[in-house]
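Asker: Just to be clear, the model below is a prediction. Sequence and coordinates:
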Amino acid sequence: MNHTVFVLNGPNLNMLGKREPGIYGGKTLEMIGDECRDAGRTLGFEVDFRQTNHEGVLVDWLHEANDKASAVLINPGAYGHTSIALHDAIRAISTPVIELHLSNIHAREEFRHKTWTAPAVKGVICGFGSDSYLLALQAAKTLIKEQ
Ligand code: DQA
């Protein structure tokens, strides 16, 4: 078994650690990336962890996942709330995608309650801080087993 899981992070997530720690926690994205790679090793797959502030780059990475990844985790950041291009890119690929957020977007401002990505993904995990990533990796393991 040589599965790769893409973990894609959208805008402003490179600021984790400094950015509103009361909402997003004190860990940096690098720390979360290390935790994901460790968890991936335990679960039996390789984690390819990436971040970009650019919507089109996320679209390109989703297309790339179609050939290279067995599953995708995406924290689309604010683009989840705005991007029909991400919705379409998720629907364009056959690799299963899981959406995640550190914060509970449903308990925050109304403009965060809806994401355009949610109807296109397998499932959404939010509200568990950096553990949202680890829970989503567990879910990815189940999806990969089902494939
Ligand atoms: C976020 C939630 C979004 O509403 C916000 O724009 C982010 C981070 C989260 O992980 O909680 O950038 O995706």
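Answerer: Sure thing, it's come through. Fair warning: this is a prediction, and the values are worked out from it, not measured in the lab. Residues are numbered from 1 along each chain as shown.
Asker: From the rest of the structure, what touches stretch 48-61?
Answerer: By Cβ atoms under 8 Å, 6 or more residues apart in numbering, the surrounding residues in contact with stretch 48-61 are 4-14, 29, 33, 36-37, 68-69, 74, 76, 79, 83, 85-86, 89. Where you see a C-beta, it was placed from the backbone N, CA and C, and this is true even at glycine.
Asker: Just the buried residues out of those, in PyMOL syntax.
Answerer: In PyMOL syntax, the buried subset of the contacts of stretch 48-61 is picked out as below (16 or more other Cβ atoms under 10 Å):
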select buried, resi 5+6+7+8+9+10+11+13+14+29+33+36+69+74+76+79+83+86+89
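Asker: can you narrow the contacts of stretch 48-61 to ones near the ligand?
Answerer: Among the contacts of stretch 48-61, the residues that sit close to the ligand (Cβ under 6 Å from any ligand atom) are Asn12.
Asker: Narrow the contacts of stretch 48-61 to those in strands?
Answerer: 4-9, 74 (DSSP state E).
Asker: To what extent is Lys114 buried, counted in neighbours?
Answerer: Neighbourhood size, Lys114 [other Cβ atoms under 10 Å]: 13.
Asker: Perfect, that will be all.
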